[in-house]
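A.B. asks: give me coordinates for this.
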Amino acid sequence: MRAGAGLIVSSALAGCSNRAEDVLRILLLEGALPSVVLNQFQRETDTPVNFQTVAQVQTAFQALQKWQQPEVENPWSQFIPWQQTDSAATDNLVSLADYWLTEAIVQDLIEPLSIPTTSLDLLPSKWQAFGRRDHTGQITSDGELWSVPYKLQPLVVVYRHSQFLAKSRTGKQPFSSWQDLLAPDLSRSIALPSHPRILISLLQKLQTGSFNPVSTDNPVSSEQLLSQLNDQLAAPFAKLTAQVKTYDSNTALKALINEDVKVVVGWSSDVAVALKRYRDLRAVVPDEGSLLSADMWVQPKGATLTSAAKTWISFCWQQGPATELSTTPKGISPIFLATDKQLPSSLERTQLSLRALQNSELLSPLSQSMRVAYADFWQQLTAKDRSPQWSPR
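C.D. replies: Numbering: from 1, shown residues only. Next up is the predicted model:
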């Protein structure tokens, strides 16, 4: 973990001039929020704020784990009374990606949030519902609120405009549907993410219209689920894999720029810099919606959700800060994705299709039986294939 020097905007020597409990400590991913948002909050609050950044979401998750480990006593600590231990440095809030939320709950690394209704009313109910979980991490309408999102980003289709001019001239936008990935002229020409859960979800989108499995009220064994997955998705997988040249989450854009592939599917934040640099590149969200990833605030177990922390959460949902963090395709505030919401005029040119984003969805957590079925299904599909290996999460 490392702190970003440009993001620690608290008062000078806040750690020395203020008690630790008087400082609002927030851990977030580098670049997750514009500096103008951080600076504005600092000007508007009387509480010293320490924004610390990490380079990877996994590092934030590991910090949550570290804070719950038993403290190892240092025999010399009695001679250094001003020294703080790592365990005493638990942050008030941590930014965590939605994909890690279930594990954080199951491992007892975080605790439910207590946010005033006046603040929660700023967040559309759809995005509140995603954070309401039971103690196994499953979504439930009467569950406690374990997380709240402040930014969402979609999975996008990226292509070279010059290669699809003929289709554009007909008036049809390229990749207005995910089914367009199966076009015959894209055989062995697509780069997909190296992530089995995303790939299975894409298969489900192609087959059923949703990135998530169809829910059932009746308990179903992993064997029954595996049979259903084979019936539904084995044939679509054969069609999709015939289109794929590489599964790559790191160098796919370079391959697109070099014309080694025609299409890349990736997260909007990962392609934003390339879109700005290479004017021939275009990114779209298919009309029927896409898969979303959420950056969410969680409260570490044992941390205090201070008044300043609650104010910060609410601040991120206010129109001004929400607009600032939505000024690039890297992400959009969830407050703009209510079905009756309109984008501010300043965002109309920088954001992707609002209607498509409103039709998009987050990945629901899998039950244990579904996890087993997914892993077995993927192993069957890729036993003799070049596809990425299944991750247990």
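A.B. asks: check which helix or strand G266 maps to.
C.D. replies: In this structure, G266 is located in strand 263-267 according to DSSP states H and E.
A.B. asks: what do you get for A272?
C.D. replies: Assigning secondary structure by DSSP H and E places A272 in helix 268-277.
A.B. asks: give the other helices and strands that the next helix or strand along the chain from that helix contacts.
C.D. replies: Using DSSP H and E, the helix or strand that follows helix 268-277 in sequence is strand 281-284. Packing contacts for strand 281-284, counted by 3 or more C-beta pairs under 8 Å, 6 or more residues apart in numbering; DSSP states H and E, involve strand 148-160, helix 268-277. For every residue, glycine as well, the C-beta is placed using N, CA and C.
A.B. asks: need those in JSON lines with mean pLDDT, can you?
C.D. replies: JSON lines is the format used below for these (pLDDT from 0 to 100):
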{"stretch": "strand 148-160", "mean pLDDT": "97"}
{"stretch": "helix 268-277", "mean pLDDT": "92"}
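A.B. asks: which one of those lies closest to F336?
C.D. replies: strand 148-160 (9.2 Å; C-beta to C-beta).
A.B. asks: got the angle for that closest one vs strand 263-267?
C.D. replies: On the basis of axes from the mean of the first three to the mean of the last three C-alpha atoms, to 10 degrees, strand 148-160 is oriented at 170 degrees to strand 263-267.
A.B. asks: list the helices and strands strand 148-160 packs on?
C.D. replies: Applying 3+ C-beta pairs under 8 Å, 6+ apart, we find strand 148-160 packed against helix 125-130, helix 252-257, strand 263-267, helix 268-277, strand 281-284, strand 291-300, helix 307-316, helix 354-358.
A.B. asks: got the CA positions of that strand in CSV?
C.D. replies: This file holds the C-alpha atoms of strand 148-160, laid out as CSV (Å, rounded to 0.1, in the frame of the first residue of the first chain):
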residue,chain,number,x,y,z
VAL,A,148,-23.0,2.2,-1.0
PRO,A,149,-21.7,3.0,-4.5
TYR,A,150,-20.3,6.4,-5.5
LYS,A,151,-19.1,5.5,-9.0
LEU,A,152,-20.1,3.0,-11.7
GLN,A,153,-18.3,2.0,-14.9
PRO,A,154,-19.6,-0.1,-17.8
LEU,A,155,-18.0,-2.9,-19.8
VAL,A,156,-17.7,-1.3,-23.3
VAL,A,157,-17.0,-2.5,-26.9
VAL,A,158,-14.0,-0.6,-28.4
TYR,A,159,-13.3,-0.6,-32.1
ARG,A,160,-11.5,1.5,-34.8
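A.B. asks: now the angle between helix 268-277 and it, please.
C.D. replies: Strand 148-160 runs at 50 degrees relative to helix 268-277, counting by the same axes, to 10 degrees.
A.B. asks: I figured W146 hits D134, correct?
C.D. replies: No: look at W146 against D134 with C-beta atoms under 8 Å: they stay out of range, at 9.5 Å.
A.B. asks: and stretch 328-339, what's buried?
C.D. replies: Residues T328, P329, K330, G331, I332, S333, P334, I335, F336, L337 are the ones in stretch 328-339 that count as buried (16 or more other C-beta atoms under 10 Å).
A.B. asks: what does it rub up against?
C.D. replies: 31, 122-124, 126-127, 149-153, 156, 268-269, 271-272, 275, 283, 294-295, 316-317, 319, 322-323, 325-326, 341, 343, 347, 350-352, 354, 357-358, 360 (C-beta atoms under 8 Å, 6 or more residues apart in numbering).
A.B. asks: mind running it again at 7 Å?
C.D. replies: Residues outside stretch 328-339 that contact it (C-beta atoms under 7 Å, 6 or more residues apart in numbering): 122-124, 127, 149-153, 268-269, 272, 275, 283, 317, 322, 325-326, 343, 350-352, 357-358.
A.B. asks: filter those down to just the buried residues.
C.D. replies: Buried among the contacts of stretch 328-339 (16+ other C-beta under 10 Å): 122-124, 127, 149-153, 268-269, 272, 275, 283, 317, 322, 325-326, 343, 351-352, 357-358.
A.B. asks: sheet partners, orientation included, of the strand holding G266?
C.D. replies: strand 148-160 (antiparallel), strand 190-192 (parallel) (DSSP bridges).
A.B. asks: out of the ones you listed, nearest to L96?
C.D. replies: When the strands paired with strand 263-267 are compared by C-beta to C-beta, strand 148-160 sits nearest L96, at 10.2 Å.
A.B. asks: and that closest one, how far from the chain's centre?
C.D. replies: Relative to its parent chain, strand 148-160 has a centroid offset of 8 Å by C-alpha atoms, centre = their mean, to the nearest Å.
A.B. asks: same question for stretch 54-62.
C.D. replies: How far stretch 54-62 lies from its chain's middle: 13 Å, per C-alpha atoms, centre = their mean.
A.B. asks: how about that stretch, which residues are buried there?
C.D. replies: V54, V57, A60, F61.
A.B. asks: just the C-alphas of that stretch, formatted as PDB.
C.D. replies: This file holds the C-alpha atoms of stretch 54-62, laid out as PDB (Å, rounded to 0.1, in the frame of the first residue of the first chain):
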ATOM      1  CA  VAL A  54      -3.600   2.400  -3.300                       C
ATOM      2  CA  ALA A  55      -2.700   1.200  -6.800                       C
ATOM      3  CA  GLN A  56      -5.000  -1.900  -6.800                       C
ATOM      4  CA  VAL A  57      -8.300  -2.800  -5.300                       C
ATOM      5  CA  GLN A  58      -6.800  -6.000  -4.000                       C
ATOM      6  CA  THR A  59      -4.500  -3.900  -1.800                       C
ATOM      7  CA  ALA A  60      -7.500  -2.200  -0.200                       C
ATOM      8  CA  PHE A  61      -9.000  -5.700   0.500                       C
ATOM      9  CA  GLN A  62      -5.700  -6.800   2.000                       C
END
